[in-house]
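A.B. asks: Would you be able to build a 3D model of this:
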Amino acid sequence: MYAIIETGGKQYWVVPGEILQVEKLTAQEGAEVTFKALWSASQDEKSASVAKSPAAKVTARIIRHLKGPKIIVYHKKTKKAYEKASGHRQELTEIEVKDIQLS
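C.D. replies: Residues are numbered from 1 along each chain as shown. Sure, this is the predicted structure:
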């Protein structure tokens, strides 16, 4: 069973038990969050058929909040003695996908 969810302006392909890092969510660590699936599918163990469902809910647990790697942004204009450097660390949330409920 898998689903495609959208959070933070990005789409993620998720399966139950998967741990992934998404854009920062406002909920506290240990809280349960629910995402609306854009698309989902499940496969029966007994048969090779695949059931597709456009409406499903994905339940996940927030593990921790963290920061991503530092990215250096550097601007320079040649022959003008202009140099500017700055850095950025994106705030992320690590979640564990618990369950996908087909509707």
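A.B. asks: Specify the beta-bridge partners of the residue nearest in space to the middle of the chain.
C.D. replies: Centroid-nearest residue in the chain: Val22, 3.5 Å away (criterion: Cα atoms, centre = their mean). Counting by DSSP bridges, Val22 is bridged to Thr93.
A.B. asks: and if you look at Glu32?
C.D. replies: According to DSSP bridges, the partner residues bridging Glu32 are Arg61.
A.B. asks: For the remainder of this discussion, apply numbering that starts at 6.
C.D. replies: Sure, I'll start numbering at 6, so the last one becomes Glu37.
A.B. asks: tell me the contacts of it?
C.D. replies: Thr64, Ala65, Arg66, Ile67, Lys103 (Cβ atoms under 8 Å, 6 or more residues apart in numbering). For the C-beta atoms, the positions are set from N, CA and C on the backbone; glycine is no exception.
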